[in-house]
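1. Curious how this folds, go ahead:
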Amino acid sequence: MARDTSDERPIEAHDDLVAWIAEGEKPSPSWKLGTEHEKFPFRRADGSAVAYEGTDGIRALLEGLRDRNGWEPIFDGEAIIGLADDHGGGAISLEPGGQFELSGAPLADVHATAAELAGHLADVAAIGDPLGLGFSGLGTSPKWSLAETPVMPKSRYKIMMGYMPKVGTRGLDMMFRTSTVQVNLDFASEADMAAKMRVGLALQPIATALFAASPFLDGRPTRFLSTRSEIWRDTDRNRTGMLPQAFEPGFGYASYVDWALDVPMYFVKRGATYHDVTGVTFRQFMDGALAERLPGVVPEMGDWTNHMGTLFPEVRLKRYIEMRGADAGPRSHIAALPALWVGLLYDAEALDAANRLVADWTAAERQALRDAVPRSALATPFRSGTARDVAREVLAIARGGLKRRGRLDAQGRDEGIHLDVLDEIVASGKTLAERMLADFEANGRDIGRILATTEM
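-> Numbers count the residues shown, from 1 in each chain. So this is what the prediction gives:
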């Protein structure tokens with residue numbers, strides 16, 4: 001999220017929260033896709049992390065990009081913490097450990113996403129190169145300890161840092177040492193949302209396997225191919241996970257709202273001040289639990305919007321649907337992620353086929369797959385085969401969906417070209433993580449080489 005929202009409309013009833021989600025409905029001809037990706041800045045000279053301050057720090061990078069592209073700066077107090085294109089474009093923001101994020105604009109197709117990515121990386125290089133900065137596409141920072149990782153000056157992160165150790169053992173690792181790529185997608189109706197949520201949740205572990213690119217932490221292998229995904233398993237179980245209720249009969253907007261209401265909040269923002277309200281659920285807030293601590297503060301729609309952005313299930317519902325299971329990776333992976341999900345979810349025939357594929361999977365099977373893929377990725381056993389077998393079928397469905405969409409680039413190619421890298425991974429059975437591990441062992445176990453070879 002580029003910036004926290006202020007919306008002073010009072011919340012008067014549960015139905016207001018349901019209606020907030022329903023306002024996201026769009027007819028299929030208006031559907032867009034927005035791709036978000038994070039990357040780790042590092043100093044090319046020595047592979048060290050990049051602090052916020054300094055003539056070659058994160059602040060200098062943001063200021064240089066502001067001057068280059070004319071985007072509006074976003075501030076937290078005196079600190080510039082992001083940039084926003086206020087003419088319908090995207091935004092740049094900072095994750096807690098300096099992960100540099102592009103929240104892409106809503107675009108018509110994956111070709112446009114690839115072009116947006118190329119433009120963004122060109123901008124970043126134009127400012128970062130003179131500063132001696134590189135940017136690594138990996139799901140975890142491979143080298144720096146938590147102590148060596150810088151802390152970005154965002155007020156909400158101070159609150160989260162104090163709360164995370166109370167609800168899980170890996171929350172600080174999640175905040176400071178993980179990086180992801182996700183795509184945000186539209187829905188036409190409550191029924192369409194439910195179908196997309198079910199497919200997305202069931203197949204999210206397959207995406208995790210395909211995009212596994214985080215086998216290192218603290219300068220050494222972790223025994224996981226997606227360490228990022230494993231970290232999420234013990235971050236905060238109140239707000240993460242596979243949302244089994246999405247597979248229950250009658251799942252809809254109200255079901256998701258009821259779950260979100262009972263998740264503890266992080267903060268309430270009034271003006272420029274973030275009030276720590278950790279441990280209080282949004283339902284309790286609506287019932288007056290903060291009346292003494294925050295006199296005169298009543299729940300507003302901005303509070304709900306901010307709260308919905310602090311929930312972290314494998315698929316997140318807001319006024320659009322967010323696919324959240326993939327490690328960050330190289331350029332080709334950034335475009336492949338939206339291609340996969342657009343192919344599966346934006347074509348009626350493909351969505352129907354994907355629903356049939358997962359319809360008889362049990363909750364126990366879905367959870368077992370989710371729990372196992374961080375370690376074994378495509379080799380994870382599933383029923384009579386492996387995750388690789390499922391991935392092969394999923395990619396065929398997605399490629400068919402993209403072909404029927406018929407969105408062509410200047411060379412007359414449909415969006416399926418962006419799936420080629422995933423087809424190659426399935427054909428070889430080797431994820432990017434496994435290839436990095438092999439390179440690491442073949443080249444003197446040099447973790448600095450991993451940073452250099454994964455530069456975007």
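2. quick one, strands of the stretch 301-450 of the chain?
-> 312-313, 315-317, 321-327, 381-382, 385-386 (DSSP state E, counting those that start in this stretch).
3. In three-state terms, label residue 39 for me.
-> Assigned by DSSP: H, G, I helix; E, B strand; the rest coil, the conformation of residue 39 is strand.
4. Residue 40 bridge partners, please.
-> Beta-bridge pairing for residue 40 (DSSP bridges): residue 136.
5. Distance check, it against residue 227.
-> Residue 40 sits 14 Å away from residue 227, going by Cβ to Cβ, to the nearest Å. To be clear about C-beta, it is placed using only N, CA and C from the backbone, and glycine gets the same treatment.
6. ok, now residue 82?
-> Distance from residue 82 to residue 227, by Cβ to Cβ: 27 Å.
7. Just give me how far stretch 4-23 sits from the chain centre.
-> Relative to its chain's centre, stretch 4-23 lies at 23 Å (Cα atoms, centre = their mean, to the nearest Å).
8. list the buried ones in it?
-> Neighbour counts over stretch 4-23 (16 or more other Cβ atoms under 10 Å) mark 4, 11, 17, 18, 20, 21, 22 as buried.
9. Which one's more surrounded, residue 82 and residue 227?
-> residue 227 (29 against 23; other Cβ atoms under 10 Å).
10. didn't that one look like it was pressed against residue 139?
-> Yes: counting by Cβ atoms under 8 Å, residue 227 touches residue 139, with 6.8 Å between them.
11. Which neighbours do these two have in common?
-> Common contacts of residue 227 and residue 139 (Cβ atoms under 8 Å, 6 or more residues apart in numbering): residue 214.
12. Mean neighbour count, the strands of the stretch 301-450 of the chain: which tops it?
-> Each of the strands of the stretch 301-450 of the chain was assessed for mean neighbour count using mean count of other Cβ atoms under 10 Å. The highest is strand 321-327, with a mean of 26.
13. most remote residue from the protein's center?
-> Distance from the C-alpha centroid of the chain peaks at residue 292, with 35.8 Å (Cα atoms, centre = their mean).
14. That residue and residue 343, how far apart?
-> Residue 292 is 52 Å from residue 343, by Cβ to Cβ.
15. ditto for residue 175
-> 32 Å.
16. what do you get for residue 216?
-> 30 Å.
17. related to what we said a few turns ago, name the residue in residue 175 and residue 343 with the higher neighbour count.
-> It is residue 343, of residue 175 and residue 343, that has more neighbours when counted by other Cβ under 10 Å, with 30 against 22.
18. For residue 101, which residues count as its bridge partners?
-> Under the criterion used (DSSP bridges), residue 101 bridges to residue 38, residue 93.
19. Relative to residue 250, how far out is residue 191?
-> 11 Å.
20. and residue 162, what helix or strand is that in?
-> Following DSSP states H and E, the helix or strand that holds residue 162 is helix 155-167.
21. Mind checking what helix or strand follows that helix in sequence?
-> By DSSP H and E, the next helix or strand past helix 155-167 is helix 171-177.
22. tell me which strands and helices that next one is in contact with?
-> If contacts are counted by 3 or more Cβ pairs under 8 Å, 6 or more residues apart in numbering; DSSP states H and E, helix 171-177 sits against helix 155-167, helix 227-232.
23. which other residues reach that helix?
-> By Cβ under 8 Å, 6+ apart, helix 171-177 touches 95-97, 140-141, 144, 146, 149, 151, 157, 160-161, 163-165, 217, 231-232, 235-236.
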